[in-house]
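Visitor: Got a sequence here, can you model it:
(chains A and B)
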Number of protein chains: 2
Amino acid sequence: MEVDYTNIKVIGFDADDTLWINETYFRDTEAKFAELLDQYETQNKIDQELFKKEMENLPLFGYGIKGFILSMIETAIELSNERISPKVIQTIIEYGKEMIHKPVELLEEVEETLEYLSKNYRLIVLTKGDLLDQERKLKQSNLEKYFHHVEVMSDKKPKNYSDLLEHLEIDPKHFLMVGNSLKSDVLPVLELGAQAVHIPFHTTWAHEEIQPNKEDKYLHLGSIGELKEYLL
Amino acid sequence: MEVDYTNIKVIGFDADDTLWINETYFRDTEAKFAELLDQYETQNKIDQELFKKEMENLPLFGYGIKGFILSMIETAIELSNERISPKVIQTIIEYGKEMIHKPVELLEEVEETLEYLSKNYRLIVLTKGDLLDQERKLKQSNLEKYFHHVEVMSDKKPKNYSDLLEHLEIDPKHFLMVGNSLKSDVLPVLELGAQAVHIPFHTTWAHEEIQPNKEDKYLHLGSIGELKEYLL
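Guide: I've put the predicted structure just below:
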């Protein structure tokens, strides 16, 4: 696709699965969760019910690990017909705490790319998830120094982006968003007249899966390092 | 106390128990939680153990209802020696969801005071808690229109305030913070050379209780409406 980034002044980066690994930890925990419940149901059914419960709870709990733990607990109670042992529920909570404790693992070429781009652009982070959790990851990542602003957002709908850009006094035509989710990082941004780059992570949460339209104009890259070929 | 607010340009408001009722709902839920467990322990012991668990989990979960639910669940499992029934755990989660659904109840004179002050000052909200939850409450409160900025903070230590004021380009000597917590809203702000007004709510979470020093200079008011007597 032909792209023209001449007007870009501000680049927004998604964090989870764009700057560092995240979804993998959720997948691993889901697998361990399914093992815990394997006397009650198949892994497939457990995955499906957990996902349904997460979607049901999303308007209440929002994104992040704490809501995920609560959805696992509710799923375990329901799938076991209230026969699950309190010990197993405590184990589920421990799985969640382990996720919070995971060290931050940067994706390849992230740091050098941010360093390069920070010379010519204002870089910001736009991420969903638990506030404290995202702040901790950013701090651990040692990437804070490259960013002018970090925003933990409760959602990534067009309205969330337009409110934020207005607040930060960024004209959409000067804004480029980079992220791994078409649904959250690319399409809502295109809708505002800003630009976007899609860099898929090898695994995507079902909630974020979506088919783009042929008319959607955005750049698709294999890794964040390739950004340097398109930007100053 | 003599106060001089001549230099004040920006007023920060805490939200929970300063603009609207919050702590009351936690207290009510704690009482219901103690009833659920009354076969295992006295209300006093249950309160104490829940508080200990909340403090233990605070660095991981941060502030807000989701962390509170998880701490209640862990406390129930421990106090019952893992004999608690899954049904009771589901009830605890329902209590938490009820808290999230509580309608926003403004404290007296809040709206008229904000309307009055918004004519001469830039007003901002600085609050802890779950991101989505605080956004929802602010929206429901219909107070959004009075605020230039809303910040959900992961903590309210001096460093959190100084980072935020710097980011918003507010000189501490132009800043006045208004809130119900000496520990979170008053003392850290005084430490930065900004000013503060303390308006206690009738109930305070044990975590927020603190004794001020005699030298701490801040204004103590009985209700938010009295602010008009001290500010333009």
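Visitor: Could you use CA atoms for every contact and neighbour count after this?
Guide: Fine.
Visitor: Was I right to think A:Asn180 contacts A:His202?
Guide: No - A:Asn180 is not in contact with A:His202 according to CA atoms under 8 Å; the separation is 9.3 Å.
Visitor: When the two are compared, which one has more neighbours?
Guide: Taking neighbours as other CA atoms under 10 Å in any protein chain shown, A:Asn180 and A:His202 compare with A:Asn180 leading, 28 against 9.
Visitor: ok, the more buried one - contacts?
Guide: Neighbour list for A:Asn180: A:14, A:17-18, A:198-201 [criterion: CA atoms under 8 Å, 6 or more residues apart in numbering or on different chains].
Visitor: Name the nearest of these relative to B:Ile210.
Guide: Comparing these against B:Ile210 with CA to CA places A:Asp14 closest, at 39.2 Å.
Visitor: looking at it, that closest one is touching A:Gly129, isn't it?
Guide: No - assessed by CA under 8 Å, A:Asp14 is found out of contact with A:Gly129, at 11.1 Å.
Visitor: For my notes, confirm A:Leu50 occurs in a helix.
Guide: Yes - judged by DSSP: H, G, I helix; E, B strand; the rest coil, A:Leu50 forms part of a helix.
Visitor: How much space separates it from chain B?
Guide: 15 Å (CA to the nearest CA, to the nearest Å).
Visitor: In contact with that residue, which residues?
Guide: Applying CA under 8 Å, 6+ apart, the residues near A:Leu50 are A:71-72, A:75.
Visitor: Present those as CSV; the columns should include pLDDT and secondary structure.
Guide: Shown next, in CSV, are these (pLDDT from 0 to 100; DSSP: H, G, I helix; E, B strand; the rest coil):
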residue, pLDDT, secondary structure
A:Ser71, 98, helix
A:Met72, 98, helix
A:Thr75, 98, helix
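Visitor: which of these has the most neighbours?
Guide: A:Met72 (27 neighbours).
Visitor: from what I can see that residue touches A:Gln90, true?
Guide: No - if you go by CA under 8 Å, A:Met72 and A:Gln90 don't touch, sitting 11.2 Å apart.
Visitor: Same question for the residue in chain A sticking out farthest from the centre, what's its three-state structure.
Guide: In chain A, the residue that sits farthest from the middle, by CA atoms, centre = their mean, is A:Arg83; the gap is 33.8 Å. Local secondary structure at A:Arg83 is given as coil here, using three-state DSSP.
Visitor: show me what contacts it?
Guide: For A:Arg83, the contact set (CA under 8 Å, 6+ apart) comprises A:77, B:86.
Visitor: so what pLDDT did it get?
Guide: pLDDT, A:Arg83: 96.
Visitor: Pop out the phi and psi values for it.
Guide: Torsion angles at A:Arg83 (phi, psi; degrees, to the nearest 10) stand at phi -100, psi 0.
Visitor: Of all residues in chain A, which one is nearest the centre?
Guide: A:Asp16 (4.1 Å).
Visitor: Could you give the number of residues near the closest residue to that residue other than its chain neighbours?
Guide: With sequence-adjacent residues excluded and distances taken as CA to CA, 6 or more residues apart in numbering or on different chains, A:Asp16 is closest to A:Asn22, at 5.3 Å. Using other CA under 10 Å, A:Asn22 has 19 neighbouring residues.
Visitor: Do I have it right that A:Asn22 meets A:Asp14?
Guide: No - using CA under 8 Å, A:Asn22 is not in contact with A:Asp14, being 11.6 Å away.
Visitor: Mind listing the shared neighbours of those two?
Guide: When CA under 8 Å, 6+ apart defines a contact, no residue borders A:Asn22 and A:Asp14 alike.
Visitor: what's the residue nearest to the centre of chain A in contact with, if anything?
Guide: A:22-23, A:127.
Visitor: any idea how far it is from B:Gly64?
Guide: Distance from A:Asp16 to B:Gly64, counting by CA to CA, to the nearest Å: 22 Å.
Visitor: pLDDT value on the residue nearest to A:Asp16, please?
Guide: Note for A:Asn22: predicted pLDDT of 96.
Visitor: From B:Glu82, how far out is it?
Guide: A:Asn22 sits 32 Å away from B:Glu82, going by CA to CA.
Visitor: and if you look at A:Leu176?
Guide: 52 Å.
Visitor: So these two - more neighbours on which side?
Guide: Neighbour count, other CA under 10 Å: between A:Leu176 and B:Glu82, A:Leu176 has more, with 24 against 17.
Visitor: Show me how far stretch A:188-204 is from its chain's centre.
Guide: On the basis of CA atoms, centre = their mean, to the nearest Å, stretch A:188-204 sits 12 Å off its chain's mean C-alpha point.
Visitor: From the opening residue of that stretch to its closing one, how far?
Guide: 17 Å.
Visitor: And stretch A:120-129, by the same measure?
Guide: One end of stretch A:120-129 to the other measures 29 Å (CA to CA).
Visitor: residues of that stretch that come out buried?
Guide: Neighbour-count burial for stretch A:120-129 flags A:121-129 (criterion: 16 or more other CA atoms under 10 Å in any protein chain shown).
Visitor: I'd like these as JSON lines, with secondary structure, distance to B:Lys139 and pLDDT appended.
Guide: Below are those laid out as JSON lines (DSSP: H, G, I helix; E, B strand; the rest coil; distance: CA to CA, whole Å; pLDDT from 0 to 100):
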{"residue": "A:Tyr121", "secondary structure": "coil", "distance to B:Lys139": "33", "pLDDT": "97"}
{"residue": "A:Arg122", "secondary structure": "strand", "distance to B:Lys139": "30", "pLDDT": "97"}
{"residue": "A:Leu123", "secondary structure": "strand", "distance to B:Lys139": "29", "pLDDT": "98"}
{"residue": "A:Ile124", "secondary structure": "strand", "distance to B:Lys139": "25", "pLDDT": "97"}
{"residue": "A:Val125", "secondary structure": "strand", "distance to B:Lys139": "24", "pLDDT": "98"}
{"residue": "A:Leu126", "secondary structure": "strand", "distance to B:Lys139": "21", "pLDDT": "98"}
{"residue": "A:Thr127", "secondary structure": "strand", "distance to B:Lys139": "21", "pLDDT": "97"}
{"residue": "A:Lys128", "secondary structure": "coil", "distance to B:Lys139": "19", "pLDDT": "94"}
{"residue": "A:Gly129", "secondary structure": "coil", "distance to B:Lys139": "20", "pLDDT": "89"}
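Visitor: Sweet, I'm off.
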